[in-house]
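> my questions are about this predicted structure, shown below with the sequence.
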Amino acid sequence: MRKTKLVMTLGPALMQGDRLRESLREADAVRLNASHGDLATRLEALQRVRALAVELGRSIPVFLDLQGPKWRVGLLEAPIDLVDGSEGVFCVPGAAAPAGVAWAVPLPHPELFEGAEPGQLWLLDDGAITVKILAKGPELLKAKVVIGGPLKARKGVHPIGMDINMDPLTEKDHADIRWGVEHEVDLFAQSFVRRASDVQQLQAIIQHLGGTQPIIAKIEHPTALSHLGEILDVSWGVMVARGDLGVELGVERVPGLQKQIIAAARKALKPVITATQMLESMIEHAQPTRAEASDVANAIWDGTDAVMLSAESATGAHPVEAVQWLARIAAEADANVKQRTPTLPDELAEKVLSRTDISVAFAACRTADEINARWIVAFTEGGGTARMVSRLAGRTPVLGATVDEVTARRMGLLRGVTALMIPRVSSTDEMVAVVRELLAAKHELVSLDRVVMTMGLPLWKTGSTNTMKVMTF
């Protein structure tokens, strides 16, 4: 059984024909990118995912990835070819470009016109293009192409050395948060998180709007690395956002930083997604490269819960095949994971003395490993127990048993966890009987198979896990 979860970014490539249905047979979670598309298209995509998930009998979470304070070029009628050595301008949208320039790119960020200085290097499109600022004005910036390439609409802009203090949430983000809460997305991903207070600010806004969505903090800014521990404390999970991380700190540092972030998330018992250019070549080609297969496998062997496709599934020529290849690579990597006896990270040793839920979850995982249990069943109201058990479990797969459909969907991002919807019962005896019946019917357990269960007494109270039970069929 593949334990690593697959996240695919929804875009126009998947909205054609039967592609979305075919992809959702393999993908475990869906990302809506707030940086692209209009609200009507986004709503249609969300509704189609929800309907297809029901049709396929799957619990599939949808998270909205907020754009955050990232600078992007404006809308273009067609891609612009920035030729090496050519000179052009960045201009305020609507402003007329001067005659004689080789190219003109709209830039809807007044602060960049203010902060730009002659001699600065700007990286465009995640570092694929480099330009040098030659001169500045209130509505125009003259620049020369150092490393050229085709520039598409809404691609990122990263001025090297420009330090502008920005609010972690933009006006656009506020509108998107309101939309996400109104339409009940399952989680939010927050871009360019720098410190815990950024996440807490988003949490407060969600709560004010009446939402309960947890937050995935995207680690892509150097400041976040210095505050990683506090960010993990307040977020549901994190994402290794390798694109902007590479632009900010250099691509040579990304592999080491990826391992560092994944290790920190594992010690904090928090989910982690590894993203960006997992199968980049499949934007155009029908098969991934060997290097990409190795990259995905190594992220899995590092301990990531999920791997994510971006443009490969959103706008690529082979979106279904990209999802299917990612599933094949992940399954093979999972089959070759070195099986570990469940161990408790040193950083949690002291917490076990005061946190009954962690100690019970750890004991359940060790017991399941030692008695060769078929499943660990984690009864969970809000999903917290399933998160802990997922992180601590060794080779034993996990069933997250819950009465809440939203909690069931969010478990689609937890490594090795399958959601199990159960009715709300009033006693542990009823609970065990229900699970016994469901396991026998859905998961083909046979005589003498053993299952380890964790639960909380009293029942259905979030954060109350305090009991472990071994059931033999």
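Looks like it arrived, so ask away.

> quick one: contacts for the closest residue to Ala13 other than its chain neighbours?
Leaving aside its sequence neighbours, Ala13 sits nearest to Pro319 (Cβ to Cβ, 6 or more residues apart in numbering; 4.3 Å). C-beta coordinates here come from the backbone N, C-alpha and C atoms, glycine included. Taking Cβ atoms under 8 Å, 6 or more residues apart in numbering, we find Pro319 in contact with 8, 11, 13-14, 19, 23, 312-313.

> filter those residues down to the buried ones, ChimeraX style.
In ChimeraX, the members of the contacts of Pro319 classed as buried (16 or more other Cβ atoms under 10 Å) are selected with the following command:
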select :8,11,13,14,19,23,312,313
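
> from the contacts of Pro319, pick the one nearest Asp173.
Nearest to Asp173 among the contacts of Pro319: Gly11, at 19.8 Å, using Cβ to Cβ.

> how close does that closest one sit to Asp449?
Applying Cβ to Cβ, to the nearest Å, the value for Gly11 to Asp449 is 43 Å.

> please apply the same query to Glu77.
Separation of Glu77 from Asp449 (Cβ to Cβ): 62 Å.

> got the CA positions of stretch 1-14 in CSV?
Output in CSV follows, covering the C-alpha atoms of stretch 1-14 (Å, rounded to 0.1, in the frame of the first residue of the first chain):
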residue,chain,number,x,y,z
MET,A,1,0.0,0.0,0.0
ARG,A,2,1.3,3.4,-0.9
LYS,A,3,1.7,5.5,2.2
THR,A,4,3.0,8.7,0.7
LYS,A,5,0.2,11.1,-0.2
LEU,A,6,-0.1,12.9,-3.5
VAL,A,7,-1.2,16.5,-3.9
MET,A,8,-2.1,17.8,-7.3
THR,A,9,-2.6,21.5,-8.3
LEU,A,10,-5.8,22.1,-10.1
GLY,A,11,-5.7,24.1,-13.3
PRO,A,12,-7.1,24.2,-16.9
ALA,A,13,-5.2,21.1,-18.0
LEU,A,14,-7.2,18.9,-15.5
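
> quick one, grab the pLDDT at Thr472.
With respect to pLDDT, Thr472 has a value of 89.

> OK, contacts around the spatially closest residue to it that is not a sequence neighbour?
Closest residue to Thr472 in three dimensions, ignoring its sequence neighbours and counting by Cβ to Cβ, 6+ apart: Arg450, at 5.1 Å. The contact partners of Arg450, by Cβ under 8 Å, 6+ apart, come to 371-374, 470-473.

> quick revisit: wait, which of the contacts of Pro319 is closest to Arg415?
Distance to Arg415, by Cβ to Cβ, is smallest for Met8 among the contacts of Pro319, at 16.7 Å.

> over to the closest one: give its phi and psi.
In terms of degrees, to the nearest 10, the main-chain angles of Met8 are phi -120, psi 140.

> same question, the one 5 residues further on
According to degrees, to the nearest 10, the main-chain angles of Ala13 amount to phi -60, psi -30.

> wait, doesn't it sit right on Ser310?
No - with contact defined as Cβ atoms under 8 Å, Ala13 and Ser310 do not form a contacting pair (11.4 Å).

> now the residue nearest to Ala13: how far from Leu326?
Relative to Leu326, Pro319 is positioned 11 Å away (criterion: Cβ to Cβ).

> same check on Gln120?
With Cβ to Cβ as the criterion, Gln120 and Leu326 are 38 Å apart.

> so between these two, which is more surrounded?
Neighbour tally, Gln120 and Leu326, criterion other Cβ atoms under 10 Å: the higher count belongs to Leu326, 28 against 18.

> list the buried ones in stretch 290-299?
Counting neighbours by 16+ other Cβ under 10 Å, stretch 290-299 gives 292-293, 295-297, 299 as buried.

> what residues does it touch?
The set of residues external to stretch 290-299 that reach it, using Cβ under 8 Å, 6+ apart, is 240, 258, 262, 274, 278-282, 307, 326, 329-330, 332-333, 336.

> ok, so of those residues, who is nearest Thr465?
If you rank those by distance to Thr465 using Cβ to Cβ, Ile262 comes first, at 25.0 Å.

> can you show me the helices along the stretch 151-300 of the chain?
Per DSSP state H, counting those that start in this stretch, the stretch 151-300 of the chain has helices spanning 171-182, 196-208, 222-226, 228-234, 242-249, 254-267, 290-302. These are given in chain order.

> for Gly94, which of those is the nearest?
Set against Gly94 and scored by Cβ to Cβ, these come closest in helix 171-182, at 18.5 Å.

> mean confidence score for the closest one?
Along helix 171-182, the predicted confidence averages to a pLDDT of 97.

> which one is Ser447 nearest to, not counting chain neighbours?
Distance criterion Cβ to Cβ, 6+ apart; nearest residue to Ser447, sequence neighbours excluded, is Phe473 at 5.8 Å.

> name the SS class of Gln67, please.
When states are read from DSSP: H, G, I helix; E, B strand; the rest coil, the local structure at Gln67 comes out as coil.

> nearest residue to it other than its sequence neighbours?
Nearest residue to Gln67 in three dimensions, chain neighbours excluded: Ser35, at 4.3 Å (Cβ to Cβ, 6+ apart).

> how far off centre is stretch 238-258?
On the basis of Cα atoms, centre = their mean, to the nearest Å, stretch 238-258 sits 15 Å off its chain's mean C-alpha point.

> and stretch 232-250, by the same measure?
Taking Cα atoms, centre = their mean, one finds the center of stretch 232-250 at 10 Å from the center of the full chain.

> mind saving the C-alpha coords of that stretch as CSV?
C-alpha atoms of stretch 232-250 as CSV (Å, rounded to 0.1, in the frame of the first residue of the first chain):
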residue,chain,number,x,y,z
LEU,A,232,5.6,24.5,13.6
ASP,A,233,4.1,25.1,17.1
VAL,A,234,1.3,27.2,15.7
SER,A,235,0.6,25.6,12.3
TRP,A,236,-1.1,22.4,11.3
GLY,A,237,1.8,21.5,9.0
VAL,A,238,4.4,22.9,6.7
MET,A,239,5.3,22.9,3.1
VAL,A,240,8.9,22.8,1.7
ALA,A,241,8.3,25.4,-1.0
ARG,A,242,11.5,24.7,-3.0
GLY,A,243,10.9,27.2,-5.8
ASP,A,244,11.2,30.5,-3.8
LEU,A,245,13.5,28.8,-1.3
GLY,A,246,15.9,28.2,-4.1
VAL,A,247,15.6,31.8,-5.4
GLU,A,248,16.1,33.3,-2.0
LEU,A,249,19.0,31.1,-0.8
GLY,A,250,20.4,29.4,-3.9
